[in-house]
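>>> I need the structure of the sequence given here:
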Amino acid sequence: METLKALAMNKTTKKYLNKQVSESELQSILLAGCSLPNVGIYNNLHLTVVQNPHLLEKIADKIRKAFDKPDLKPFYGAPTLILVSSIKEKGNYLGVEYGNAACLVDNIHVAAADIGLGSVNLWTFVNPINTMIDELELPEGFIPIAGIGIGYPADPIESDTQNKNKSLQINCNYIK
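Below is the predicted model:
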């Protein structure tokens, strides 16, 4: 698929089929996720792929309690949760872990769209699960800072490959 077409299909999916992502598709999107533009500053990142339904439900319960929303479906039914965890960088690269995590998650979104999977960005729930470090089997010093849900979309993802009727959604100024 062409990059612009994949980007046009890169939309939040909030309803998934009850079918697990295949191992080959998972490996493809993880590899794409790790194709970061910053060369060499990856030792501060760790990926955790959660597909165990019992652990997903335990994480969801933790999030529901933290937000006091008993009916919340934090992963929208996505059968795979990918967590990006990090340790804080020190010295000249303060905050680089957040930039790398954002690039990684975005690469996964685009790769998922490219192979017909849906995805949803899951940033707000990471703080409530920081007490689950052992269950998430994270290396010492790492905490979750971002997440993404992946799965087969229940409804087809439409694309606007021509970008017709689109305009910049973010204010932009030009300095020439």
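
>>> Which positions within stretch 70-81 qualify as buried?
Residues of stretch 70-81 classed as buried: 74, 75, 76, 77, 78, 79, 80, 81 (neighbour count, 16 or more other C-beta atoms under 10 Å). Glycine gets a C-beta too; all of them are placed from N, C-alpha and C.

>>> How about stretch 107-127?
Buried residues in stretch 107-127 (16+ other C-beta under 10 Å): 107-114, 117-120, 122, 125-126.

>>> by contact count, what packs against the longest strand anywhere in the chain?
For the chain, the strand with the greatest residue count under DSSP state E is strand 143-151. Contacts defined by 3 or more C-beta pairs under 8 Å, 6 or more residues apart in numbering; DSSP states H and E place strand 143-151 against strand 80-86, helix 96-114, strand 118-121.

>>> picking up where we left off before, hmm, which of the buried residues of stretch 107-127 is lowest in pLDDT?
Checked by pLDDT, these have residue 125 as the lowest-scoring entry (70).

>>> Double-check that that one belongs to a helix.
No - the assignment for residue 125, made by DSSP: H, G, I helix; E, B strand; the rest coil, is coil rather than a helix.
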